[in-house]
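> 3D, please:
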Amino acid sequence: MSVSLARRELSRIAPGRPCGVTIGVFDGVHRGHQHLIGVLLERARPEGLATVALTFNPHPRTVLRPGTAITYLTSLEERVELLQGQGVDSVGVVAFTSELAQLSAEDFLSLLVQELEMRLLVVGPDFALGRNRAGTIGVMREIGERLGFRVEVAPLLAEADEKVGSSAIRQALGAGDVERVGRCAGRSWPATAAAVRSASRPRTSRLASTAPSPPTASLSRGRTCVRAPTNRARASAYDPRSTSSRGR
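So this is what the prediction gives:
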């Protein structure tokens, strides 16, 4: 099975030295995601590892269950900018295709080891990957022993016994609860109160004024991988025209 697209995407954002990686959709880049990336930075930096955040696009659910509608909390460009702002060395957008969905956990993790020199993988407690989500944390740890990386699990971030996640934010948006949205997001939400209230309208309404265009369509020339700026350049704007550059 061809994995050339994923391999090219990964090679474009490889930091050039062994690294720690975290993976997810990261829609909204909320406090739960920020917590996960914080654990990655905390574990990787003392070992001199670079840090990489990989985001899937489009949402895997749209590929695994064709016809499923996903209302994104942030556009792809906003997601990338927010991930860059968390302090990681590289951010990669991996196209989630039907071919990628059929890869076994070991095949996908082998790609990360080969292309990124992954030595550390940090995930949440409910994370799984690979065909049929067969790559549970226990399975990934076994694979890591063979391939030369370790898996660490970031503890769940909860508020009032509820997981801080994209679903909680969507529920708060639907209820017009701007304060709760801000608490879960960890920042002021870009939508106005009127736009937030519109989320409780029929399904044709969008959750926020920042709802995206069709997946990847808004990225220049269809390129889907970016390299995060260095810390000194972190405040500079994300330029889609530079997505094929490693920035080295």
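> Which secondary structure elements does the top strand by length along the chain sit against?
In the chain, with assignment by DSSP state E, the single longest strand is strand 50-57. Applying 3 or more C-beta pairs under 8 Å, 6 or more residues apart in numbering; DSSP states H and E, we find strand 50-57 packed against strand 19-24, helix 31-44, helix 76-84, strand 90-95. Where C-beta positions appear, they are placed from N, C-alpha and C, glycine not excepted.
> who touches the helix or strand following it?
Sequence-wise, the next helix or strand downstream of strand 50-57 (DSSP states H and E) is helix 60-64. With contact meaning C-beta atoms under 8 Å, 6 or more residues apart in numbering, helix 60-64 is reached by 25, 68, 70, 96-98, 101, 215.
> returning to what we had before: would you give the sheet partners of the longest strand of the chain, along with the direction of each?
Partner strands for strand 50-57, per DSSP bridges, with pairing direction: strand 19-24 (parallel), strand 90-95 (parallel).
> Columns mean neighbour count and distance to residue 147 on top of these, output as JSON lines?
Converted to JSON lines, the strands paired with strand 50-57 look like this (neighbours: other C-beta atoms under 10 Å; distance: least, C-beta to C-beta, whole Å):
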{"stretch": "strand 19-24", "mean neighbour count": "25", "distance to residue 147": "13"}
{"stretch": "strand 90-95", "mean neighbour count": "24", "distance to residue 147": "18"}
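> Could you dump the ones you listed into CSV with distance to residue 150 and mean pLDDT added?
Formatted as CSV, these follow (distance: least, C-beta to C-beta, whole Å; pLDDT from 0 to 100):
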stretch, distance to residue 150, mean pLDDT
strand 19-24, 9, 97
strand 90-95, 20, 95
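> Can I get these in TSV including distance to residue 57?
Converted to TSV, these look like this (distance: least, C-beta to C-beta, whole Å):
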stretch	distance to residue 57
strand 19-24	11
strand 90-95	5
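> how close does residue 94 sit to residue 67?
22 Å (C-beta to C-beta, to the nearest Å).
> One more: residue 57?
Applying C-beta to C-beta to residue 57 and residue 67 gives a distance of 18 Å.
> These two: which is more packed in?
residue 57 (22 against 5; other C-beta atoms under 10 Å).
> Can you find the helix or strand in the protein with the smallest mean pLDDT?
helix 193-197 (a mean of 39; mean pLDDT, DSSP states H and E).
> check contacts around the residue nearest the centre of the chain.
By C-alpha atoms, centre = their mean, the chain has its centre lying nearest to residue 55, at 3.1 Å. By C-beta under 8 Å, 6+ apart, residue 55 lies in contact with 23-26, 79-80, 83, 91-94.
> Turn those into JSON lines, columns for distance to residue 12.
Formatted as JSON lines, the contacts of residue 55 follow (distance: C-beta to C-beta, whole Å):
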{"residue": "23", "distance to residue 12": "16"}
{"residue": "24", "distance to residue 12": "19"}
{"residue": "25", "distance to residue 12": "20"}
{"residue": "26", "distance to residue 12": "18"}
{"residue": "79", "distance to residue 12": "17"}
{"residue": "80", "distance to residue 12": "13"}
{"residue": "83", "distance to residue 12": "16"}
{"residue": "91", "distance to residue 12": "11"}
{"residue": "92", "distance to residue 12": "7"}
{"residue": "93", "distance to residue 12": "10"}
{"residue": "94", "distance to residue 12": "11"}
